[in-house]
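# next come a sequence and a model predicted from it.
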Amino acid sequence: MLRKIVLLLFPLYVFGVNIYAQIKYVNILAIRVEFIEDNIETTNGNGKFNLSDTSSATIDPPPHNKLYFEDHLEALKRYFYKVSGGKVIIGYDVFPDGLNDSYQLPHQMNYYNPNTTEEELDMRLSELLRDAFRIFDEKENIDYKKYNSFIVFHAGVGSDFLLVSHPSLDPTPNDLPSVYLDFEHLKKTIGKNIPDFKGIPVGGNSFYIRNGLIFPETESKMGIELALNGIIAHQFAHQLGLPSLFNTGNGKPAIGKWGLMDVGFGNFNGLIPPKPCAWSRVFLGWEKPVEINEGENLEISSSEVDGFPTIYKIPISPDEYFLVENRENDRNKDSLKTVYSPRGVLLEVDNYDWDIPGSGILIWHIDERIIKNKIENNKINEDMKNRGVDLEEADGSEDIGENFEFVLPGFFTPENGVEEDAFYKGNNEEFTPYTFPNSNSNSGALSHIYISNISEKGSVMSFSLRKDFYVKGFPVFIGKNVRFNNPVWSRDFQVSNLKTFTLGSKGILCALDKDGKSFINSYKKEFIIKINGDTLWNDIPYFSNVGDGAPFSPILFREGDLQIAIVTDKGEIVSWNLEDNNMDGVGDISFMKNIGENINSEPVYWNGIIIGDVSGNIYCLKKNGELRWKTNVFSSPVKGFAVYKDSKMERLFSISENGDAVLLEDDGNIQWWKNLDVNNPFNPSIGDITGDNIPEIIVCDSSGNIVFLKGNGDILAEKHIPGKYEFISPPSIGDLDNDGFSEVVVCGKKYIYAFSYSGNLKDGFPVSFDRTGKKGNITTIPVLCDMDGDRFVEILISSDKGDVYAFNYKGEVLSGFPLTCGSGVSSSVVILENLENGNLQLMLKSYNGYLFLWEFPIKYESTKIPWGEYLHDSRHTSLTSVLNKTPIQPGGELMPKNRVYNYPNPVYGNTTTIRYYLNFSADVNIYIYDLAGELVKKMKGTGIPRTDNEVIWDVTDVQSGVYLAKITASGSAKKSSAIIKIAVSK
């Protein structure tokens, strides 16, 4: 087992650019220091450098003089020059000048590691760095500005390799660890009581040392020879900006011997550290991965071979992806070329991967969300189940970081990695959503990435890549931190190249063609800061800008020409033609109008652009922006609209914040008015839910109230169950189970509800979205679409974790889902058609500013999409006109006994619900008896046909015990009855 104490790492950034990515030359000032001589048994040595020349050691033999330490810095220089591809060039000076001289520290070694608490060790190591350079500064007169790296080499043995089974058995616990101390560490220790601490002052306060490295003269102890090369490279990599990739919480491996920033620094007894893993090399800007989404026989080389890519990037989402690299060790351990100094220090090898566990393709699972959140605390891989940089172990056993007891020193155990972790022919040749390990995202969503046909081991390997549902050109960046609003798309064949309009960041209106490019060939640039500090500029497909005051989704409508309109909350309505005739890079405005009131509702297109304001006014604008009519119908803000359309008329339904509801005629006159028992309701929805081809109106609010209205304003059904239902979305309407009756589907944060026209929940609902507590919360409206061609409609929702789910009417997740966009979503799902091949597509906007598009191998059929986007369509009508099949004619029993029950049972609260299904209209009575046969309660039940009916029994005044409920139904020349047992427990 390896023990490494690597103190806090805070990468340095200047104006959003990682300064280390810019460094081409690092000049090191290294000094040699000794302690006051001691004979303490809890440290190795006596506090003085070993300057003898009679040792039989073969690794880092003494004398440990100036030339010896220069050799180690030369080895460091050659290592980083090679593994960085020449992007890191190191120079160095070692002091004092005398061959065997050193500077004297004021304490014995055990002062600097008292072996008490981590906090005290942190302080004493900072003191060591300060004491060393104070003494150096007193003795020497140099130009500190020449240097940007500062190293202290001290006498004695390091504690970086634990060669016993447990730290408590270490015979020399006062030995010092090798560390990189950054400015934040110095500030919180030796700078804690110094106002405006700038670092360790030297050169007459003309220069401040803000970070430093501490290393021992050797790592060899207990008869085991170990080299300094690996630990120096590891800690120096921290100064370059790399975090630890082992589990910093418990010191266990996380990527094992496959990388420098874990136990790999100890490869071949510390002599031959491996090159940093693919992510580390990309993070430091040494290599740029080739991004791919598909391909056959893609060739990839180890870095020892020129002419082929060395790292591929396969996106799962913008913040999550796989890095694929080819690593090659020396399988026979017989072909290593080495360069040694005259003093026996290993300076260079031709293959730094000589002692990694094996050869083959390594697949790294990178999650930048984890990295971004944990890099400052150096905890990227602290959570074994959610690592920021995770090696997909091809053998599927996930051994790295596990405990394997009674094996010493630990280097050759599975916890540090094995040959079978790599992918190659003869081992594991596939990496898909259905292999182990699999290619799913960290949330469990399916990436639909298939890596296959992996070749035999070699300097050049190959593999094939397929990505199901992938659409070239997507995802498209539309701006940082976009507001929650919904894209609209055009199925207008007269403008066949137009795909989507959506609002990006800072009020930018984006217009995309089918390939994800700007519809008018106009772009705006916006940058994002990557986790390594790099500034990445992105092109946003630009159409126009409406400022930040546009919380509502755009609408698309055709009245002559196809137009798009946006409404701002400040009362401004802007409409554009879909062109840029003057070639100024901005869409041509059709009209712009300000109504002088703050707008409070989503717009709808119905014989004009309809909007509602905070004062209860409703406006209808012509396509040129002229006011067609205005009417004041409410005393509270307008909350939303839906178009009511049957075979006889077309009207506009509207609802206010306090529950007032109206049906308006084409001229704005009121046909009827009614107050509903809802408060601050969502946008209403309209569709036929009774199977008679006459639409009903549905309104719900966040408190769990839902009302079903007929077209004349009469209430069909209503439920008021605050505390039981908690809705977050307006209703969607569609026939889930293909029985000829549409259901009303509403989302809560954790549940999906489906109601029949009786106002009762369908069997199997609500569906629990997140039983495990890992999926997050639902954040969008339910979209209804047959996603697999089985004639049953699925419910599509998305979560604040960034995943898209499709549930069937049984509450089961559809095969192929969930999908992921990698961050919280900022829109509902949109169902589209590929106008070239007719395939069905799915679009979603993520909070981190990307528009996603997936394509499915089924045809787009509007009859299978009862509710395909937010507010149903791009005009926001909130009206489904999909005709259900003719309802199945009822038959059999009037009231099937197997569909009579109560819930909950036993009853621990104050109420229970008696539920029964009727095939025909009926007169229903319910009789409750105790076990003595006494009638306790008689209730009248509803008799709605072809749906479940419910009656609530209040047991507040009922004693604990078992009761018999007899439910009788008569009607349509039929009679039925059923008896159920109800247990009441108080």
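That came through fine.
# distance of Tyr619 from Trp576?
19 Å (Cβ to Cβ, to the nearest Å). Where C-beta positions appear, they are placed from N, C-alpha and C, glycine not excepted.
# how is this structure partitioned into domains?
1-241, 246-468, 689-712+731-887, 897-984 (automatic domain parsing).
# now do the SS call for Leu76.
helix (DSSP: H, G, I helix; E, B strand; the rest coil).
# check Ser590 too.
Applying three-state DSSP: Ser590 is strand.
# how close does Ala233 get to Ala75?
8 Å.
# err, Asp319, not the other one
Asp319 is 37 Å from Ala75, by Cβ to Cβ.
# got the phi and psi for Glu911?
Let me fix one detail, which is that residue 911 is Thr and not Glu. Reported as degrees, to the nearest 10, the phi and psi values for Thr911 are phi -140, psi 160.
# what separates it from Tyr963, distance-wise?
With Cβ to Cβ as the criterion, Thr911 and Tyr963 are 14 Å apart.
# element containing Tyr753?
strand 751-755 (DSSP states H and E).
# remind me what the following helix or strand past that strand packs against, helices and strands.
Counting by DSSP H and E, the next helix or strand C-terminal to strand 751-755 is strand 767-768. Applying 3 or more Cβ pairs under 8 Å, 6 or more residues apart in numbering; DSSP states H and E, one finds that strand 767-768 contacts strand 751-755.
# packing partners for the strand it packs on?
Strand 751-755 is packed against strand 743-747, strand 767-768, strand 794-798, with contacts defined by 3+ Cβ pairs under 8 Å, 6+ apart.
# can you tell me which of those has the worst average pLDDT?
When those are compared by mean pLDDT, strand 767-768 comes last with a mean of 92.
# ok, that one: who's next to it in the sheet?
strand 751-755 (antiparallel) (DSSP bridges).
# could you tell me the angle between the strand it pairs with and strand 794-798?
Comparing the axes of strand 751-755 and strand 794-798 via axes from the mean of the first three to the mean of the last three Cα atoms, to 10 degrees yields an angle of 150 degrees.
# Thr911 and Tyr963: which has the busier surroundings?
Comparing Thr911 with Tyr963 by neighbour count (other Cβ atoms under 10 Å), the higher total belongs to Tyr963, at 22 against 11.
# hmm, Val460 and Phe308 touching each other?
Yes: between Phe308 and Val460 there is a contact under Cβ atoms under 8 Å: 5.8 Å.
# what do those two both touch?
The overlap between the contact sets of Phe308 and Val460 (Cβ atoms under 8 Å, 6 or more residues apart in numbering) consists of 299-301.
# who's in contact with Ile599?
So, once contact is read as Cβ under 8 Å, 6+ apart, Ile599 ends up touching 552, 567-571, 611-614.
# please disregard the earlier target; I meant Phe35.
Counting by Cβ under 8 Å, 6+ apart, Phe35 has contacts 47-48, 105, 107-109, 112, 154-156.
# that older thread, name the member of the shared contacts of Phe308 and Val460 with the most neighbours.
Ile300 (20 neighbours).
# ok, for it, nearest residue in space, not its chain neighbours?
Excluding its sequence neighbours, the residue lying closest to Ile300 (Cβ to Cβ, 6 or more residues apart in numbering) is Asn326, at 4.7 Å.
# tell me where the model's unsure across the stretch 751-900 of the chain.
883-885 (pLDDT under 70).
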